[in-house]
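**Q** here is a sequence with its predicted model. Questions after.
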Amino acid sequence: MSYNFRFSALTPYTGEIVRGVLLTLQLSLITMLIGLAIGLLVALGTTSQRKSIRVPVRLYVEAIRNTPLLVQLFIVFFGLPSLGIRLDANLAAIIGLSINVGAYCGEILRAGFESIRPSQIEAGRALGLTAAQTFRSVVLFQAIKAIYPALTSQFVLLLLATSVVSSIGATELFHQAAFIDSRTYRSFEAYALITLAYLAMTLVIRTMFSALYWMVFVRRPQP
Amino acid sequence: MTRAFSSADVIYLIEAARWTIALALVAIVGGGLLGLVVAVFRVAAFRPLNWLASAYVNLIQGTPLLGQLFLFFFGLPLFHIQVDSWVAAALALSLYSAAFLGEIWRGSLQSVSKRQWEAAAALGMPYRQQLAYVVLPQAVRISVAPTVGFLMQLVKDTSLTALIGFVELTRASQIITAATFAPLPVYGAAALIYFVICFSLGRLSARLEERPHATR
């Protein structure tokens, strides 16, 4: 006897899946924005002259990059309540993911800053631009171009990583798979469909990112 | 009954970490073999093979590892293949690693200058010798550091197998937490063990990157 795949059993749950997709996108966007803000501080901190700033920031980055996201989430969600900080699952997910992606964004931004050669700034100043103008039209554009590929692939990685927060009970797309599974007992179909939904999201987002890169950095409109 | 988090628990965690390492090693060996195929298909002079390999890489890199793990765990029994969580985890992580290693190694192969091929051809070497004696030795050196870097990534990724019930470091710390109700020290200790493993691998990768010709 062989197993009959019945994906049609999932059709009543289209609404749940769409809601899950939107929640996952929302979660990824919020955590990416917070992560970028943390990353900017981290990038400034790691290049700081003061050791009292540099060392703790370095410790934070190394602690995050050398431990799994799942364990970080467990520490935030299950560990912090024993210190009297009680968070609901969704908030813990946002905090855990932001702290995680902040460290990676910090490394990307630092590399972006370092990729600008000092001669570029000198050239800008030699052309008679002010410091602010040099930053805006010489440094910033090149820095963004340099970090764009790494930052966009970090976003896709984050989008996929958000699936992990379902393990602490936060509501997003992967959580919906468990819900549909519990209602239909169609585990394989539910997880297959949800996994494909992630694939569709990453394909669309990657295409959008590379189209944007092409429009802004390759076919640069002449002023 | 709850009990205190003791040194015996720390030993239990360290013993569980052996399964984390074992799983990462199985996945890097299994993924390495398949990854070689992916890398070769990606650079082969036959378009359908290129497409096949890049479709595979896009599929694996475009879906969450957690989803892949669940599909193996729930999917294989449907084909009357009885799997425990260890087999499902090892299979899923191997297929996952193959996509990443395939991309790393394709990059290493392509970063060897075209002129090296031409120089070897000018010396009268046939294609097989150009590849075996000139290009591969250089590509392998370039690929060592990022491969070790990926192994570090893989050690962290094995934590997700806890969610399909495979008892490695993360699952072990969940079990101890359930008995001791001391989540912070237990997960802290687990994080520390991961840190020691990953930090060492990261250092090793950085060292290898600084000295790509260390074997000479």
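**A** Received, thanks. Residues are numbered from 1 along each chain as shown, chains lettered A, B, ... in the order given.

**Q** from here on, just use CA atoms for contacts and neighbour counts.
**A** OK.

**Q** and stretch A:40-57, what's buried?
**A** Buried positions in stretch A:40-57, judged by neighbour count with 16 or more other C-alpha atoms under 10 Å in any protein chain shown: A:Leu40, A:Leu41, A:Val42, A:Ala43, A:Leu44, A:Gly45, A:Thr46, A:Thr47, A:Arg54, A:Val57.

**Q** cool, and stretch B:147-155?
**A** Of the residues in stretch B:147-155, those buried by neighbour count under the rule 16+ other C-alpha under 10 Å are B:Thr147, B:Val148, B:Gly149, B:Phe150, B:Leu151, B:Met152, B:Gln153, B:Leu154, B:Val155.

**Q** can you list the weak-confidence ranges in chain A?
**A** Counting by pLDDT under 70, the ranges of chain A that qualify are A:1-2, A:220-223.

**Q** report all helices and strands that the longest helix seen in it contacts.
**A** In chain A, assigned by DSSP state H, the helix with the most residues is helix A:14-46. Helices and strands in packing contact with helix A:14-46 are listed as helix A:51-65, helix A:89-114, helix A:141-161, helix A:173-184; criterion 3 or more C-alpha pairs under 8 Å, 6 or more residues apart in numbering or on different chains; DSSP states H and E.

**Q** and after the longest one, which helix or strand comes next?
**A** Spelled out, that is helix A:89-114. Toward the C-terminal end, the helix or strand that comes next after helix A:89-114 (DSSP states H and E) is helix A:118-126.

**Q** off-centre distance for the following helix or strand past that next one?
**A** Stepping forward along the backbone from helix A:118-126, the first helix or strand reached (DSSP H and E) is helix A:131-134. For helix A:131-134, the distance between its averaged C-alpha position and the chain's averaged C-alpha position is 30 Å (C-alpha atoms, centre = their mean, to the nearest Å).

**Q** what are the buried residues along helix A:131-134?
**A** Neighbour counts over helix A:131-134 (16+ other C-alpha under 10 Å) mark A:Thr134 as buried.

**Q** ok, back up a step: and among the helices and strands packed on helix A:14-46, the most buried is which?
**A** When the helices and strands packed on helix A:14-46 are scored by mean count of other C-alpha atoms under 10 Å in any protein chain shown, the highest mean neighbour count falls to helix A:89-114 (a mean of 22).

**Q** follow-up on the earlier one: nearest to chain B, of the helices and strands packed on helix A:14-46?
**A** Checking the helices and strands packed on helix A:14-46 against chain B by C-alpha to the nearest C-alpha gives helix A:141-161 as the closest, at 4.8 Å.

**Q** and the buried residues of stretch A:40-57, which is closest to chain B?
**A** Distance to chain B across those (C-alpha to the nearest C-alpha) is lowest for A:Val57, with 16.2 Å.

**Q** for residue 13, give me its contacts.
**A** Using chain A here. A:Tyr13 makes contacts with A:Ile180, as judged by C-alpha atoms under 8 Å, 6 or more residues apart in numbering or on different chains.

**Q** wait, I meant chain B there
**A** B:Leu13 sits next to B:Leu169, B:Ala172, B:Ser173, B:Ala190 when contact means C-alpha under 8 Å, 6+ apart.

**Q** neighbour-wise, which one of those leads?
**A** Comparing those by number of neighbours (other C-alpha atoms under 10 Å in any protein chain shown), B:Leu169 comes first, having 29 neighbours.

**Q** would you check how far apart that residue and B:Tyr187 are?
**A** The spacing between B:Leu169 and B:Tyr187, counted by C-alpha to C-alpha, to the nearest Å, is 10 Å.

**Q** can you check B:Phe79 too?
**A** With distances defined as C-alpha to C-alpha, the gap from B:Phe79 to B:Tyr187 amounts to 37 Å.

**Q** these two: who's more crowded?
**A** Counting neighbours by other C-alpha under 10 Å for B:Phe79 and for B:Tyr187 shows that B:Tyr187 has the greater number, 26 against 11.

**Q** tell me the buried residues in whichever strand or helix holds the more buried one?
**A** Using DSSP H and E, the element containing B:Tyr187 is helix B:183-210. Using 16+ other C-alpha under 10 Å as the test for burial, helix B:183-210 gives B:183-184, B:186-191, B:193-195, B:197-199, B:201-202, B:205, B:208-209.

**Q** now do stretch B:34-52
**A** Going by neighbour count (16+ other C-alpha under 10 Å), the buried part of stretch B:34-52 is B:Leu34, B:Gly35, B:Leu36, B:Val38, B:Ala39, B:Val40, B:Phe41, B:Arg42, B:Val43, B:Leu49, B:Asn50.

**Q** now the fourth one, nearest residue through space, not along the chain?
**A** The reference is to B:Val38. With sequence-adjacent residues excluded and distances taken as C-alpha to C-alpha, 6 or more residues apart in numbering or on different chains, B:Val38 is closest to B:Gly102, at 5.0 Å.

**Q** tell me the contacts of the one you found?
**A** With C-alpha under 8 Å, 6+ apart as the criterion, the residues that contact B:Gly102 are B:Gly32, B:Leu34, B:Gly35, B:Leu36, B:Val37, B:Val38, B:Ala39.

**Q** which one of these is nearest to A:Ala143?
**A** In terms of C-alpha to C-alpha, no member of the contacts of B:Gly102 lies closer to A:Ala143 than B:Ala39, at 31.6 Å.

**Q** point me to the helix or strand that includes that closest one.
**A** Element membership of B:Ala39, judged by DSSP H and E, is helix B:7-43.

**Q** re earlier: please point out which parts of the longest helix of chain A sit buried.
**A** Along helix A:14-46, these residues count as buried under the neighbour rule (16+ other C-alpha under 10 Å): A:16-17, A:19-21, A:24-25, A:27-28, A:31-32, A:34-36, A:38-46.

**Q** most widely separated two among the buried residues of stretch A:40-57?
**A** Looking across the buried residues of stretch A:40-57, with C-alpha to C-alpha as the criterion, the two at the greatest separation are A:Leu40 and A:Arg54, at 13.6 Å.

**Q** name the residues that touch stretch A:69-80?
**A** Contacting residues not belonging to stretch A:69-80 are listed as A:64, A:86-89, A:92-93, A:95-97, A:100, A:164-165, A:168, B:156, B:159-160, B:170, B:182-184, B:187-188, B:190-191 [C-alpha under 8 Å, 6+ apart].

**Q** now check stretch B:188-197, is it near chain A?
**A** Yes. With C-alpha under 8 Å from any C-alpha of the partner chain as the measure, stretch B:188-197 is seen reaching chain A through B:Gly188, B:Ala190, B:Ala191, B:Leu192, B:Tyr194, B:Phe195.
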